[in-house]
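**Q** Show me the folded form of this:
(4 chains)
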There are 2 protein chains.
Amino acid sequence: MDSPLLLDRLLQIADLFQRDMAREYDGTPLSPARMGVLWTIHHSGPVQQHTIAAALNVTPRNITGLVDALEAVGYVERIPDPTDRRARLVGLTPQGHELMERTVREHAALNATLLASVRAADRDRVEVAIAAIADRLAQLVSEAAKADKARAS
Amino acid sequence: MDSPLLLDRLLQIADLFQRDMAREYDGTPLSPARMGVLWTIHHSGPVQQHTIAAALNVTPRNITGLVDALEAVGYVERIPDPTDRRARLVGLTPQGHELMERTVREHAALNATLLASVRAADRDRVEVAIAAIADRLAQLVSEAAKADKARAS
DNA sequence: TATTGTTATACTCTATAACTATA
DNA sequence: TATAGTTATAGAGTATAACAATA
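**A** All right, here's what the predicted structure looks like:
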């Protein structure tokens, strides 16, 4: 009897997150890509658009569209960068701050719910293990990307 | 000191999978969506397109395009359904079978690598815990989707 | 009537390339 | 020259709606 691999379970979790976000944002002006922009600004404060592009690993052209949409519905605003007249800083509006604070609270609640499904005696070990898996995977992905770049040259 | 939540680590893993797949399929005729079709057929054998659509939770219209692309590069073929002249069964070609077998082997190797980053004594407990988290999350997503549907009526 | 798959159309996210304003 | 951001254009994935063929 094949029990699913650990990897299959992790892929299942990834798929469930994606599906749930798509459902949650359906009918709203938000989307996973737009939330990515909001998270970046939430963590860093007002930033130039090319910084957001680098953080999300997409082209600056993309950020133009995402910020346009977020600005149109009032979650972010572009303000002139006092140190560089080419650039504009993107910051959260009060409405954007409120959204992100609510989202942080929802994350904490979901975190608690998921952790509750793990035996109390195992929780610390499981948290350590999942962090180790994430770090190992990040390392593998980074190495693969580097190898790709080397091959392209 | 905020250590990242378990949830943040799981979201990070989800993002890394997504990023790595995008990188891996870059420059090939494959993509995450097309691989989804191939996995479905790999697990079930030749199936009607609307069955694939239901399995992936997308519209049948989508499957037309994905199967068109996979057929054009030789991974799948459409054959008449002997039991229903409206439908066509989509099955893997020998080339498609070979691709999926290779992919299964790569998954097993990645699974072993990730598991190796967990302390040997904790592995069983971690596998059980991640399975429990995945099941709990699946339950939450399913309930949320049901609540949405009820609200829409 | 209902179902299977397609054509037609549109929206989001993504990319590259060419351009502007500034550094 | 190089950088920050935009306009122009294109491709993939998704959706709805209307339609053909068949059940």
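
**Q** which other residues reach stretch A:18-28?
**A** A:31-32, A:35, B:14, B:18, B:57, B:137, B:140-141, B:144-145, B:148 (C-beta atoms under 8 Å, 6 or more residues apart in numbering or on different chains). (Glycine included, C-beta is placed from N, CA and C.)

**Q** hey, C-alpha coordinates of it in PDB?
**A** The C-alpha coordinates for stretch A:18-28 follow below in PDB (Å, rounded to 0.1, in the frame of the first residue of the first chain):
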ATOM      1  CA  GLN A  18      -3.700  28.500  -3.500                       C
ATOM      2  CA  ARG A  19      -7.300  27.300  -3.900                       C
ATOM      3  CA  ASP A  20      -8.400  28.900  -0.700                       C
ATOM      4  CA  MET A  21      -6.900  32.200  -1.600                       C
ATOM      5  CA  ALA A  22      -8.500  32.200  -5.000                       C
ATOM      6  CA  ARG A  23     -11.800  31.500  -3.400                       C
ATOM      7  CA  GLU A  24     -11.300  34.100  -0.700                       C
ATOM      8  CA  TYR A  25     -10.500  36.800  -3.100                       C
ATOM      9  CA  ASP A  26     -13.200  35.900  -5.600                       C
ATOM     10  CA  GLY A  27     -15.500  38.900  -6.100                       C
ATOM     11  CA  THR A  28     -13.100  41.300  -4.400                       C
END
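
**Q** which residue does chain A bring closest to DNA strand C?
**A** Relative to DNA strand C, the nearest point of chain A is residue A:31 (2.8 Å; C-beta to the nearest atom of the strand).

**Q** For residue A:99, see how far away that residue is.
**A** Using C-beta to C-beta, to the nearest Å, residue A:31 is found at 13 Å from residue A:99.

**Q** and the helix or strand residue A:91 falls within, what's its mean pLDDT?
**A** Assigned by DSSP states H and E, residue A:91 belongs to strand A:88-92. Mean pLDDT, computed over strand A:88-92, is 98.

**Q** before we move on, what about stretch A:41-51?
**A** Averaged over stretch A:41-51, pLDDT sits at 98.

**Q** Quick one: distance of it to the chain centre.
**A** Here stretch A:41-51 is found 13 Å from its chain centre; the criterion is C-alpha atoms, centre = their mean, to the nearest Å.

**Q** buried sites along the top helix by length along chain A?
**A** In chain A, assigned by DSSP state H, the helix with the most residues is helix A:123-152. By neighbour count on 16 or more other C-beta atoms under 10 Å in any protein chain shown, the buried set for helix A:123-152 is A:125-127, A:129-134, A:136-138, A:140-141.

**Q** Stretch A:75-82 too?
**A** Residues of stretch A:75-82 classed as buried by neighbour count (16+ other C-beta under 10 Å): A:75-78.

**Q** Show me where chain A has its helices.
**A** All helices of chain A, identified by DSSP H, fall at A:6-25, A:32-44, A:49-56, A:60-72, A:94-115, A:123-152.

**Q** Looks like residue A:56 contacts residue A:38 (just checking).
**A** No: taking contacts as C-beta atoms under 8 Å, residue A:56 lies outside contact range of residue A:38: 11.1 Å.

**Q** In terms of neighbours, single out the busier of the two.
**A** Taking neighbours as other C-beta atoms under 10 Å in any protein chain shown, residue A:56 and residue A:38 compare with residue A:38 leading, 22 against 17.

**Q** per-domain residue ranges of chain A.
**A** Annotated domains of chain A cover A:6-117, A:120-153 [automatic domain parsing].
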